[in-house]
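# Model the structure of this input:
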Amino acid sequence: AEDALYDLPPLGTGPGFVSLLHMTDCHAQLRPIRFREPSVNLGVGGMRGQVPHLVGEHLLKAAGVRPGTRLAHAYTYLDFERASRRWGRVGGFAHLATLVKRMKASRPGALLLDGGDTWQGSATALWTDGQDMVDACKALTVDVMTGHWEFTLGMKRVTEIVERDFAGGTGSGAAAHRVDFVAQNVKTNDFGDPVFKAFTMKAINGVQVAIVGQAFPYTPIANPRYMVADWAFGIQDENMQKTVDEARAQGAQLVVVISHNGMDVDLKMASRVRGIDAIFGGHTHDGVPVAVPVKNAGGTTLVTNAGSNGKFLGVMDFEVKGGQLANFRYRLLPVFANLLKPDAEMDALISKIRAPYESKLAETLAVTDGLLYRRGNFNGSWDQLICDALMDVRGADIAFSPGFRWGTSLLPGEAITRELMMDQLATTYS
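Next comes the predicted model:
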């Protein structure tokens, strides 16, 4: 079964072939989890009935996936309880590491891109100030990333990680691995100076590849402004165009963006900015099995989004001829924990990270009698449980939940442990 699902030969090897792997919005989930995809995804105006606002049977039809299959379970909410019991848990960095190694081994020069929302979302990420995920991502061999919830660790901590941990070059193994943190749309409030590199240039099989970063543009609005008090964000289409033009002027034959805009914003940006070959998107947790082509004044841009919680790995193969993109192939591979043997080194690292907290994480608080999930346009059953608890325990007359997209799922009869509760609540400012 593993060979059938993950036997994905590259589009080609040798000069002119480039492969990029993409993960996003893992929200610090190091161990395998359950995650229910949405049953509602509202598309407004012209986006109604369009990707990414297709769910269930409609998404399967658009992707050409047969209902009732393992892939159908990965991409949709359909018959979630029964399917999840049958097909098992998804994600987990030890299992993801196995898949990343397999894809990189078959694709010389392949890079792993991380779309952000990585250092937040679990108890251990909160208690270690994100260090658990920094160490795990270096061991996973993430090559380039951008951010969003990372910024809720504060400017000082983010800068420390980028300048110290991600610099690499010292020690051996994962400690020496270097990660480029890129974000063309983050500048200082006073003089508008760039806070991070706008892009990084990589030579892959004779092709100059520019990877541009697009951090979440609304960070000071969606999260407390004081955490990024000295930094300005925004979509900044005009600066994106300048950045793409600069990369092309420096010899880039392939230009991609690692984005945390959300897919709707990525689709709009793709229609406005020329010269981007592909956008690897995040933020909205859309597990979209296809690359969406978007026309613009300079040609066509491919837009993808690779889901969340370590549940998927996007694999994009390019062929570049005559200095421009000639062909591509995209697959969104689900990470099924019972099909991928856990990588021993990553598994050992995760056990080491969790060891000081295991007894606290495993504490049983309750047993759920219904399906608990977080993902929805407005709320999920986890949100309702949290609000009910706030009113019951704290005596509140009204309770609110932000309705975050992040947060794992539980099946009826499963224990609500402190770890699983913290999957819903672990923010640095609550």
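# pretty sure residue 265 is touching residue 216, no?
No. Contact criterion C-beta atoms under 8 Å: residue 265 and residue 216 do not qualify, at 9.7 Å. Quick note: C-beta positions are derived from backbone N, CA and C, even for glycine.
# okay, the two: which has more neighbours?
residue 216 (29 against 20; other C-beta atoms under 10 Å).
# what's the pLDDT at that one?
pLDDT recorded at residue 216 is 98.
# host element of it?
Under DSSP states H and E, no helix or strand contains residue 216.
# Pull the contacting residues for the nearest residue to it once chain neighbours are set aside.
Leaving aside its sequence neighbours, residue 216 sits nearest to residue 148 (C-beta to C-beta, 6 or more residues apart in numbering; 3.5 Å). When contacts are counted by C-beta atoms under 8 Å, 6 or more residues apart in numbering, residue 148 touches 116-117, 215-216, 219, 260, 282-283.
# repeat that with 6 Å
116-117, 216, 260 (C-beta atoms under 6 Å, 6 or more residues apart in numbering).
# Tell me where the stretch 301-430 of the chain has strands.
With strands called from DSSP state E, counting those that start in this stretch, the stretch 301-430 of the chain shows them at 312-321, 324-334, 364-367, 415-417.
# Any buried residues in the longest one, and which?
Pointing back at strand 324-334 there. 325, 328-334 (16 or more other C-beta atoms under 10 Å).
# Quick one: those residues as TSV, columns for pLDDT and distance to residue 165 too.
Listed next are those as TSV, based on pLDDT from 0 to 100; distance: C-beta to C-beta, whole Å:
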residue	pLDDT	distance to residue 165
325	98	33
328	98	33
329	98	34
330	98	31
331	98	31
332	98	29
333	98	28
334	98	29
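# next SSE after the worst-scoring helix or strand of the chain on mean pLDDT?
Ranking every helix and strand in the chain by mean pLDDT, DSSP states H and E puts helix 2-6 at the bottom, with a mean of 81. Next helix or strand after helix 2-6 toward the C-terminus (DSSP H and E): strand 17-23.
# so what does that next one touch, helix or strand wise?
Under the contact criterion of 3 or more C-beta pairs under 6 Å, 6 or more residues apart in numbering; DSSP states H and E, strand 17-23 touches strand 111-114, strand 312-321.
# Format those strands as CSV; extra columns: mean pLDDT.
Shown next, in CSV, are the helices and strands packed on strand 17-23 (pLDDT from 0 to 100):
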stretch, mean pLDDT
strand 111-114, 98
strand 312-321, 98
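# quick one, which of these is nearest to residue 50?
Among these, strand 312-321 comes nearest to residue 50, with 19.6 Å by C-beta to C-beta.
# could I get the closest one in PDB with only the CA atoms?
Output in PDB follows, covering the C-alpha atoms of strand 312-321 (Å, rounded to 0.1, in the frame of the first residue of the first chain):
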ATOM      1  CA  PHE A 312       0.100  16.500   3.500                       C
ATOM      2  CA  LEU A 313       3.300  17.000   1.600                       C
ATOM      3  CA  GLY A 314       3.000  18.800  -1.700                       C
ATOM      4  CA  VAL A 315       5.300  17.600  -4.400                       C
ATOM      5  CA  MET A 316       5.900  19.900  -7.400                       C
ATOM      6  CA  ASP A 317       8.100  18.800 -10.300                       C
ATOM      7  CA  PHE A 318       9.200  21.400 -12.900                       C
ATOM      8  CA  GLU A 319      10.900  21.200 -16.200                       C
ATOM      9  CA  VAL A 320      12.700  24.300 -17.400                       C
ATOM     10  CA  LYS A 321      13.700  24.800 -21.000                       C
END
